[in-house]
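1. Build me a structure from this.
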Amino acid sequence: MLSKRVIPCLDVRNGRLTKGIKFEGNVDIGDPVESARKYYEEGADEIVFYDITASHEARGIFLDVVEKVASQIFIPFSVGGGINTVDDMRDVLVAGAEKVSVNSGAVKNPDIISEGAARFGSQCVVLGMDVKRVPVSEDIPSGFEIVIHGGRKYMGMDAIEWAKTGEALGAGEICLNSIDADGVKNGYDLELTRLVAEAVTIPVIASGGAGNPQHMVDAVTEGKATAALIASIVHYGEYTIPELKKYMSEHGVQTRMVW
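-> Model (predicted):
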C-alpha cells in the first residue's frame, strides 16, 4: 500500500503567506519561506505554493519567492498561479519547482496540459481545480462547477467531466479544492473528492476544509484521495505535521513516518 501524503499549502499574496475562508477575507499570516522550511523539517511529504492573485491580476507568478522557497526545502514542490503558457511552466521549474499546477490557464487553454506533459512529463503537470457546489443542471449534472480566477468566475463546466478531460490530456495528478469548504475547518467535501477520485486513475489531492486529523483520515479513506492538503490547522499552530501523521497512522492510514 502506498503511503498517503500530507501536504501543507502556502497561499501567497504580494509575496506573503495568507489565509482566508471560502477564498475571501484573506489576512497576512507570515513569511512563506520560513513556513516552508518549518514544514519540511517537520516531515511534510510535499509543499504546494499558490500565488493566489496572479491569474486575476493577469501577471506572472512571483518567481523570486518560488526560488527562495525552493532553496529551503528538499521535498517535492508544486507551484501554481498565473501559469498560462508552457514557457511559464518552464520558468517555474527553472526556479526550483518539481511540479507545475495549472488551473485557470488550463480551463482557458486546455492544450497547455498536453503541451506541458509532452515537454516536461505528465508527472510534472498538476491540474488544479477550484470547485463550487451549484444546482444540478444539464450543463452541471454532478452539481459541482469549475470556478476560476480565485473563485471569481464561474465557467459552466462540470467538475467531474473536467477532471476526466484533464487526465486524458496528460495531467499526472489533480489537486481538488472545494471552495465551499475552504478555510471553514469542518472537513473536506468527501462527496466531491470521491466522485473525482472514482472518475480518474491519476492521484487526487483533497483540498479545502481540514480542521482536525480525523478529517484527513476521512479524505483518504471515504474520499479515496491519495493525499490531504492542509493549511489553517498548521499555519495557526493547532497541529504539527508529526502529530497529524501519528494520528493518521493510529487510525489505519499508512504515512511516511517522521518520529
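
2. Show me where the stretch 151-259 of the chain has its helices.
-> 159-169, 190-199, 213-221, 232-235, 241-250 (DSSP state H, counting those that start in this stretch).

3. Distance to residue 2 for those - can I get that in JSON lines?
-> Yep, even glycine has a C-beta here, placed from its N, CA and C like the rest. JSON lines is the format used below for those (distance: least, CB to CB, whole Å):
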{"stretch": "helix 159-169", "distance to residue 2": "18"}
{"stretch": "helix 190-199", "distance to residue 2": "14"}
{"stretch": "helix 213-221", "distance to residue 2": "10"}
{"stretch": "helix 232-235", "distance to residue 2": "22"}
{"stretch": "helix 241-250", "distance to residue 2": "14"}
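
4. neighbours of residue 252, just the number please.
-> For residue 252, the neighbour count with other CB atoms under 10 Å is 8.

5. same question, residue 194
-> Counted with other CB under 10 Å, residue 194 comes out at 18.

6. So for the chain, the centremost residue is which one?
-> The C-alpha lying nearest the average C-alpha coordinate of the chain belongs to residue 175 (CA atoms, centre = their mean; 4.2 Å).

7. Leaving out the residues flanking it, which one is nearest to that one?
-> Distances taken as CB to CB, 6 or more residues apart in numbering place residue 205 nearest to residue 175, at 4.5 Å, with adjacent residues excluded.

8. thought that neighbour was touching residue 224?
-> No: with contacts counted by CB atoms under 8 Å, residue 205 stays clear of residue 224, the gap being 11.7 Å.

9. Please say which of those two ends up with more neighbours.
-> More neighbours sit around residue 205 than around the other of residue 205 and residue 224, counting by other CB under 10 Å; the figures are 28 against 16.

10. How much space separates that one from residue 46?
-> Distance of residue 205 to residue 46, computed by CB to CB, to the nearest Å: 9 Å.

11. Please enumerate the shared neighbours of these two.
-> Common neighbours of residue 205 and residue 46, using CB atoms under 8 Å, 6 or more residues apart in numbering, are 5, 7, 227.

12. Reformat these as JSON lines; add distance to residue 236, pLDDT and neighbour count.
-> What follows is the shared contacts of residue 205 and residue 46, written out as JSON lines (distance: CB to CB, whole Å; pLDDT from 0 to 100; neighbours: other CB atoms under 10 Å):
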{"residue": "5", "distance to residue 236": "21", "pLDDT": "98", "neighbour count": "20"}
{"residue": "7", "distance to residue 236": "17", "pLDDT": "98", "neighbour count": "23"}
{"residue": "227", "distance to residue 236": "21", "pLDDT": "98", "neighbour count": "23"}
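
13. now the strands for this protein?
-> Under the criterion DSSP state E, strands of the chain are mapped to 5-13, 16-21, 24-30, 47-51, 77-80, 99-102, 125-133, 144-148, 153-158, 173-178, 204-207, 227-230.

14. Out of those strands, which one sits most buried?
-> Ranked by average neighbour count under the criterion mean count of other CB atoms under 10 Å, the strands of the chain are headed by strand 204-207 at a mean of 30.

15. what does it contact?
-> Contacts of strand 204-207 (CB under 8 Å, 6+ apart): 5, 7, 9, 48, 173-178, 182, 188, 193, 196-197, 219-220, 223-229.

16. Now do the residue nearest to residue 175 against residue 253, distance only.
-> For residue 205, the distance to residue 253 - CB to CB - is 15 Å.

17. hang on, the earlier thing: hey, least reliable of the strands of the chain by pLDDT?
-> If you rank the strands of the chain by mean pLDDT, strand 24-30 sits at the bottom with a mean of 65.

18. By mean pLDDT, flag the weakest helix or strand of the protein.
-> Within the chain, no helix or strand scores below strand 24-30, which has a mean of 65 by mean pLDDT, DSSP states H and E.

19. How far does stretch 186-198 sit from its chain's centre?
-> 14 Å (CA atoms, centre = their mean, to the nearest Å).

20. make that stretch 116-133, sorry
-> 10 Å.
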